[in-house]
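Trainee: no sequence for this one, just the structure:
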């Protein structure tokens, strides 16, 4: 009788172990919507429906005077938008063709500049921060979903949560638009 009870005990233990293994094997430790989820290598996204953008916002001023410049790059297009007002109305737009090879090279350069690095403990949003100077926002969108949004600023006390090389990233984005300096010369940020 004690062998029969022992046999049932072993069967129950084995069944519980199998249930636990089946429940957890193959599960992703972080859900897809987790903000801490690691982003794949940027250059792997060159063939996907992805875009990267860099936006420079001017200081907080009256609606009529507020300006921003946004550069967006995809595998088929490079676009510069000069924006006016807090509703970010497009005042001027320059659109240029792009191709997958050029986009992949650009994404590889952004990888070297640590475009996806995020600083822990910093404010996640730039709203209201550094009101008297420029703020830079870095964005990665994949299949229409915002996968990464970070920011930086040169102001004291609020560096932002962007952990990459801000100057290099800015130069890389500006380099995507021929005559960038000439086009944006009149924009006061």
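Mentor: Right, received. Where do you want to start? Quick caveat: nothing in here was measured; it's all calculated off a predicted structure.

Trainee: Go ahead and flag the most central residue of the protein.
Mentor: Taking CA atoms, centre = their mean as the criterion, residue 148 is the residue nearest the geometric centre of the chain, at 2.7 Å.

Trainee: Which positions in stretch 105-123 come out as buried?
Mentor: 106-107, 109-110, 113, 115-116, 118, 122 (16 or more other CB atoms under 10 Å). (Each C-beta comes from the backbone N, C-alpha and C, glycine too.)

Trainee: How about stretch 76-95?
Mentor: Here stretch 76-95 shows 78-84, 94 as buried, counting by 16+ other CB under 10 Å.

Trainee: per-residue confidence at the closest residue to the residue nearest to the centre of the chain other than its chain neighbours?
Mentor: Spatial nearest neighbour of residue 148, chain neighbours left out: residue 140 (4.0 Å); criterion: CB to CB, 6 or more residues apart in numbering. Residue 140 carries a pLDDT value of 96.

Trainee: beta partners for residue 140?
Mentor: Beta-bridge partners recorded for residue 140 (DSSP bridges): residue 52, residue 148.

Trainee: Touching, it and residue 48? I think so.
Mentor: No: between residue 140 and residue 48 there is no contact under CB atoms under 8 Å: 10.9 Å.

Trainee: The two - which one has more neighbours?
Mentor: Shown here are residue 140 and residue 48; by other CB atoms under 10 Å, residue 140 has more neighbours (21 against 11).

Trainee: List the contacts of that one.
Mentor: Neighbour list for residue 140: 39, 42, 45, 50-52, 115-116, 146-149 [criterion: CB atoms under 8 Å, 6 or more residues apart in numbering].

Trainee: quick one: average confidence on stretch 170-182?
Mentor: Average pLDDT, stretch 170-182: 97.

Trainee: Give me the neighbour count for the nearest residue to residue 77 once chain neighbours are set aside.
Mentor: Nearest non-adjacent residue to residue 77, counting by CB to CB, 6+ apart: residue 98, 5.4 Å away. Using other CB under 10 Å, residue 98 is surrounded by 17 other residues.
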